[in-house]
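Asker: here is a sequence with its predicted model. Questions after.
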Amino acid sequence: MLKNNIYMLDINSIDSTDSFFNQRLHIKKKYTNREILLYHYFYQRCKRYPKNIILISNFVFFFVDSRDYFKAKLSLPLMRRQLRVKKLLIIREEKTLLRLLYNFFPDPYVHDIRVHRNVYSGKIEIIVGFLSFVERGIAIGCRGEYIKAVNKLFEKNVSFGENKGFQVNIKCEVVKL
């Protein structure tokens, strides 16, 4: 919906939900010294440059181009052993929210993704639905560390092209069929 040349999001209509998921994203690229070292290390191992590197708590996120994903993924076990980091992930860099969300959860089967506005906080929640508690457990990680890291990544590093002033919170739930 367009009002006074400002894009307004009404998450109650299906059309705007589709446009919400298909809007363009921008992932900030500011590197620390450690991220620069990991950037060069990634190139030495994979012979490809990552699009972005983000360190959040104990997680290292390497964002790569879609065409380089499978070749880079082959080096993942070796990089984890050499860096002594188990929480090292290679993620396809995407320009839309929906595709990026699917790439953050490559192992479990994502059954459904929907948008919900929390009436108490006013925040937009993205609810990722899984078919079993086992898949949900894989998605959130041990003690919820992975989903917390993904939420922090979205909070600090992801900006939305049309709606720069809001933040999203990602939750994982089991879907009842």
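Answerer: Noted; the coordinates are in hand. Numbers count the residues shown, from 1 in each chain.
Asker: distance of Val119 from Leu25?
Answerer: Distance of Val119 to Leu25, given as CB to CB, to the nearest Å: 26 Å. Any C-beta I mention is one placed from the backbone N, CA and C, and that applies to glycine too.
Asker: which of the two has more neighbours?
Answerer: Leu25 (17 against 6; other CB atoms under 10 Å).
Asker: what helix or strand is the more buried one located in?
Answerer: Using DSSP states H and E, the element containing Leu25 is strand 25-27.
Asker: same question for Val150.
Answerer: helix 145-157.
Asker: mind listing what whichever helix or strand comes after that helix pairs with, with the direction of each?
Answerer: Using DSSP H and E, the next helix or strand after helix 145-157 towards the C-terminus is strand 158-160. Strand 158-160 has the following strand partners under DSSP bridges: strand 25-27 (antiparallel).
Asker: residues in contact with the strand it pairs with?
Answerer: 52, 54, 63, 93-97, 100, 157-161 (CB atoms under 8 Å, 6 or more residues apart in numbering).
Asker: 6 Å - rerun?
Answerer: Contact with strand 25-27 is made by 52, 97, 157-159, as judged by CB atoms under 6 Å, 6 or more residues apart in numbering.
Asker: tell me which residues are up against the helix or strand that the strand holding Leu25 is followed by.
Answerer: Using DSSP H and E, the helix or strand that follows strand 25-27 in sequence is helix 33-46. For helix 33-46, the surrounding residues in contact (CB under 6 Å, 6+ apart) are 49-50, 53, 55, 62, 72, 75, 79.
Asker: most widely separated two among these?
Answerer: Among these, the pair separated by the greatest distance (CB to CB) is Leu55 and Ser75, at 18.4 Å.
Asker: what is the neighbour count of Leu153?
Answerer: Neighbours of Leu153 using other CB under 10 Å come to 19.
Asker: how about Lys171?
Answerer: 14.
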